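1. please work out how this folds:
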Amino acid sequence: MFQILKRDGMGRIGRVSTVHGDFTTPTLMPVIDPTDIVLKPKDMKREFGTELIITNAYLTMLHFGKNPALKIHQLLDYDGPIMTDSGGYQILRYGNIDVPPEEIVEYQDLISPDIATILDIPTGVNASREYAAETVRVTLERARQAAQIRSNPEVMWCGPVQGGLYTDLVEYSAREIGKLDYQFHAIGSPVELLNEYRYAEIVDLVMAAKRNLPLDRPVHLFGAGHPMMLSLAVAMGCDLFDSAAYILFARDERYMTAEGTLHLDELVFLPCECPVCTSTTAEEIKRKTREEKIKLLARHNLHVTFGEIRKIRQAIVDGRLWEYVQIKCRAHPSLLEALRRFMDYSDFIERFDPVTKKSAFYYSGNESIKRPEVLRYRQKLKDRYTPPRLDTLIILSRPREDTKVDVEGAHVLKIVPPFGVVPEELEEIYPLSQNQTPRRLDAEAARTTAESLESYLTSWGSFYQQVILFNDKNLWGNMLIEACHPVAKKLEVIQLNEKNLNRL
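-> Predicted structure coming up:
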């Protein structure tokens, strides 16, 4: 049902097979209001390459009733994969709906979407712990009930995770629902956090769920459809996203970009290359009727969002997702805060990151220090490496890539930020030989690199009778010299320059 084709960190490209065709993840599901269709699903498929859409089973049932002959694909005039939500958002917004959960399950079996969702109880972000625990209990109870009563073998089912900001409850909810027979999972209650730009808290919510859900099931992040945060969500391992924002923003005359949102009134130029923006001007859109304006803005918003999905997919293929996330998260301070929160989970992320990639390692700011490649190298150096027993250690601080040193009876150690110390016999291992770092280091990269040298010498300094440090004071000052304190009594410091290297 779900085949993972490519990984980069926790981000992944996958392929899902349904009765109505396959779709690729990560993907965006435009939300279709069955009672007010502004852009037809089949037109979306043609214009945007939409592979999967989502609609609301509860609203469909209220409006169209229980007609056994009416299937959701017929109703929406769409022949591709369709997912249905169950009314959980209406519970979050209004407090309750007057339909029992088993009836929603039976109705979705009746209308036969490709993916259906049980009627969960969203926790929200302002819930007390007692209420949050109750939403988890009831959601799990309904999930167990739904697993027993569902009857349509063509429908795959999504089991939501609840718990809100209480990460221990989220972890419990994820573990328990992961034990049940569901093909998809959804992480609930992020909408209010998204609306308030509380992205760091979303990181904790998503990571609490992802660390406890089955790894072989796609994960849907409810309500996350703005392009500015999609790359971070994919990096956390989310696969599906639904967006009503494209139409809601259009109705408010808001114009999405991959870095944020602008208002139509503010625009003099259209900063986009999509078909909408290259075929008209901001002033022309402003003069349109309200209905025409909504359609144009909705189409633009979808073009931008699907374009972002394609860029994320390519970043995964290229092994550059982390670098792409670093770039995107500098679009807003709250996103940058969220990226740094995400770095707190680096040890967990490293488990899923490929050992080798086809692309070089690019240093893109001090967040790169906690990239999986760096953590993995440093841990392996600590756990698995023993240096040769030689009398002399030569330390080269940031030499040129083509610098070769061959001194009989000497072991050569190179300083390669942000990885730290690199013994010469390991320098061809990926990504040590394939990395690009600015010549001028930021303070954090310099500090952690120097700490790496200090740690090495603390462990292995006793092996050597003599230690020679070729130090580049223009780069390091006395930082590396100070890091050599474990071998201070046998240390000789030489200024790094071409003349001195040629002596070697």
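2. residue 375 contacts residue 350, correct?
-> Yes. Contact criterion CB atoms under 8 Å: residue 375 and residue 350 qualify, at 5.2 Å. C-beta: built from backbone N, CA, C; applies to glycine.
3. residues near residue 91, how many?
-> A count of nearby residues for residue 91, using other CB atoms under 10 Å, gives 18.
4. from memory it sits against residue 122, does it?
-> Yes. Checked against CB under 8 Å, the pair residue 91 and residue 122 is within contact range at 6.0 Å.
5. pretty sure residue 354 is in a helix, no?
-> No. Assigned with DSSP: H, G, I helix; E, B strand; the rest coil, residue 354 falls outside any helix and is coil.
6. spit out the contact partners of it.
-> The contact partners of residue 354, by CB atoms under 8 Å, 6 or more residues apart in numbering, come to 7, 8, 319.
7. same deal with residue 398?
-> Counted by CB under 8 Å, 6+ apart, residue 398 has contacts 415, 416, 417, 439, 472, 475, 476, 496.
8. most neighbours, which of those?
-> Counting neighbours by other CB under 10 Å, residue 415 comes out on top of those with 26 neighbours.
9. any idea how far residue 210 is from it?
-> Separation of residue 415 from residue 210 (CB to CB, to the nearest Å) stands at 36 Å.
10. do residue 150 as well
-> Residue 150 sits 25 Å away from residue 210, going by CB to CB.
11. contacts made by stretch 118-125 with the rest, please.
-> For stretch 118-125, the surrounding residues in contact (CB under 8 Å, 6+ apart) are 58, 86-89, 91-92, 97, 99, 101, 104-105, 131-132, 134-136, 138-139, 142-143, 146, 157-160, 162-166, 169, 188-189, 192-193, 198, 201.
12. which among the residues you listed count as buried?
-> Among the contacts of stretch 118-125, the ones that count as buried by 16 or more other CB atoms under 10 Å are 58, 86-89, 91-92, 97, 99, 101, 104-105, 132, 135-136, 139, 142-143, 146, 157-160, 162-166, 169, 188-189, 192-193, 198, 201.
13. about what we covered before: between residue 150 and residue 210, point out the one with more neighbours.
-> residue 210 (22 against 18).
14. and the more buried one, what does it touch?
-> By CB under 8 Å, 6+ apart, residue 210 lies in contact with 10, 174, 219, 236, 237, 238.
15. just the ones of the buried ones among the contacts of stretch 118-125 in strands?
-> Counting by DSSP state E, the part of these found in strands is 157, 158, 159, 160.
16. closest to residue 292 out of the residues you listed?
-> In terms of CB to CB, no member of these lies closer to residue 292 than residue 158, at 35.9 Å.
17. who's in contact with that closest one?
-> So residue 158 contacts 83, 115, 116, 117, 118, 182, 183, 184, 185, 186, 220 (CB under 8 Å, 6+ apart).
18. quick one, phi psi at the fifth one?
-> Spelled out, that is residue 118. phi -70, psi 160 (degrees, to the nearest 10).
19. can you check the one 10 residues further on too?
-> Dihedral angles phi and psi of residue 128 (degrees, to the nearest 10) take the values phi -70, psi 160.
20. so where is this protein shaky, pLDDT-wise?
-> For the chain, applying pLDDT under 70 flags the ranges 399-405, 497-504.
21. which helix in it has the most residues?
-> Determined from DSSP state H, the single longest helix within the chain is helix 290-318.
22. what's the next secondary structure element after that one?
-> As assigned by DSSP states H and E, the chain's next helix or strand after helix 290-318 is helix 321-328.
23. alpha carbons of that following helix, as CSV, please.
-> Below are the C-alpha coordinates for helix 321-328, written out as CSV (Å, rounded to 0.1, in the frame of the first residue of the first chain):
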residue,chain,number,x,y,z
LEU,A,321,16.3,18.6,2.4
TRP,A,322,18.1,19.9,5.5
GLU,A,323,19.7,22.7,3.6
TYR,A,324,16.4,23.6,2.0
VAL,A,325,14.6,23.6,5.4
GLN,A,326,17.3,25.9,6.7
ILE,A,327,16.7,28.4,3.8
LYS,A,328,12.9,28.3,4.2
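24. pull out the buried residues from it.
-> By 16+ other CB under 10 Å, the buried positions in helix 321-328 come out as 321, 322, 323, 324, 325, 326, 328.
25. what do you get for stretch 103-122?
-> 104-122.
26. likewise stretch 373-384?
-> Using 16+ other CB under 10 Å as the test for burial, stretch 373-384 gives 373, 374, 375, 376, 377, 378, 381.
27. helix, strand or coil: sort out the closest residue to residue 151 other than its chain neighbours for me.
-> Closest residue to residue 151 apart from its sequence neighbours, by CB to CB, 6 or more residues apart in numbering: residue 109 at 5.3 Å. Classification of residue 109 using three-state DSSP returns helix.
28. residue 330 - how many residues pack around it?
-> Quick note: residue 330 (other CB under 10 Å) scores 15 neighbours.
29. wait, what's in contact with it?
-> 336, 365.
30. how does it look with 7 Å?
-> If you count contacts by CB atoms under 7 Å, 6 or more residues apart in numbering, residue 330 has them with residue 336.
31. quick revisit: just the buried ones among the contacts of stretch 118-125: which are in helices?
-> Of these, the ones assigned to helices by DSSP H are 58, 88-89, 91-92, 101, 104-105, 132, 135-136, 139, 142-143, 146, 169, 192-193, 201.
32. CA atoms only for stretch 153-167, dumped as CSV, please.
-> Extracted in CSV, the C-alpha atoms of stretch 153-167 (Å, rounded to 0.1, in the frame of the first residue of the first chain):
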residue,chain,number,x,y,z
PRO,A,153,-12.7,-3.5,1.7
GLU,A,154,-11.9,-0.7,-0.9
VAL,A,155,-11.6,2.0,1.8
MET,A,156,-8.4,2.5,3.7
TRP,A,157,-8.7,4.1,7.1
CYS,A,158,-6.9,6.9,9.0
GLY,A,159,-6.6,6.8,12.8
PRO,A,160,-5.9,10.3,14.3
VAL,A,161,-3.5,11.0,17.2
GLN,A,162,-4.7,13.5,19.9
GLY,A,163,-3.2,14.9,23.1
GLY,A,164,-2.6,18.5,22.1
LEU,A,165,0.3,20.2,23.9
TYR,A,166,0.6,17.3,26.5
THR,A,167,3.4,15.4,24.7
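33. quick one: distance of that stretch to the chain centre.
-> Centroid displacement of stretch 153-167 relative to its chain, using CA atoms, centre = their mean, to the nearest Å, is 19 Å.
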